[in-house]
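Colleague: My questions concern the predicted model and sequence given below.
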Amino acid sequence: MNDFAGQDFSKRFESLGDLAEGKFEEWSDCNFMRYGLDRPPLAIWKLAPRIRHTPDYLTSNYLVECQGFGRKQIVHMKLDKWESLQWWDRNTMTVQLFLYDAHKDRQIMFPIKKLKPLIQKSEIRAFPDGNRYYAMEAEEVWATLGS
C-alpha cells in the first residue's frame, strides 16, 4: 500500500478526503446531503477561506466536516480551516467534526468547539507547501473527546 503522505500533492488530491467522507456516509445514522466543495474544477486557492472550507455535509441539525489521518497518528488541522469552521459554527449551524483514523480503523464525531482546548496547546507545524496546521496526537484527541 502506498504511503499517502509520501505521494506528491497532485496524486493525493485525486482521493483527498474520500476515505473519511466514505466512512462518515457508512457510519452516519441520520439523513445528510453533500454540502461542501468536492474537488471542483476551480482554482481553490483563490477562493475565500470560508468558502474553501465549507463543511462537507449538511444535516437537519448541524454541519459536518470530515477529516482523516493515518499511520503518523497526527490530526492536521490547518489554521485557516480552523478559523473558517469556527465561523460556520458561530454564524450558521453547529459544526460537528468527524475524524476517521484509517490506520486503526476508528472514528469519532464531536462538536468542533470541543477541539479548542487541544488546538490551544498543540504545536503549529507546516506542510511542505508552507501551509500551517495544528498538530494534535490522535491518542490525545480520543482520550479527551472519545466516549
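Modeller: Thanks, I have it. None of these values were measured; they are calculated from a predicted model.
Colleague: only C-alpha atoms for contact and neighbour calcs from this point on.
Modeller: Will do.
Colleague: what's the single longest helix in this protein?
Modeller: In the chain, with assignment by DSSP state H, the single longest helix is helix 79-91.
Colleague: quick one: contacts of the helix or strand that that helix is followed by?
Modeller: Of the helices and strands lying after helix 79-91 in sequence (DSSP states H and E), the nearest is strand 95-101. The set of residues that contact strand 95-101 without belonging to it, under Cα atoms under 8 Å, 6 or more residues apart in numbering, is 19-20, 23-24, 55, 62-70, 73, 85-86, 88-89, 106-112.
Colleague: ok, 6 Å please
Modeller: Judged by Cα atoms under 6 Å, 6 or more residues apart in numbering, the contacts made with strand 95-101 from elsewhere in the structure are 20, 62-70, 89, 106-112.
Colleague: State the mean pLDDT of it.
Modeller: pLDDT averaged over strand 95-101 equals 97, rounded to a whole number.
Colleague: Beyond it, next helix or strand please.
Modeller: Toward the C-terminal end, the helix or strand that comes next after strand 95-101 (DSSP H and E) is strand 106-111.
Colleague: And that next one, what does it pack against?
Modeller: Counting contacts by 3 or more Cα pairs under 6 Å, 6 or more residues apart in numbering; DSSP states H and E, strand 106-111 is packed against strand 95-101.
Colleague: Can you tell me the strand partners of the strand it packs on and which way each runs?
Modeller: Each strand pairing with strand 95-101, determined using DSSP bridges, is listed with its direction: strand 63-69 (parallel), strand 106-111 (antiparallel).
Colleague: List the buried residues in stretch 25-37.
Modeller: Of the residues in stretch 25-37, Phe32, Gly36 count as buried by neighbour count, 16 or more other Cα atoms under 10 Å.
Colleague: All set now, cheers.
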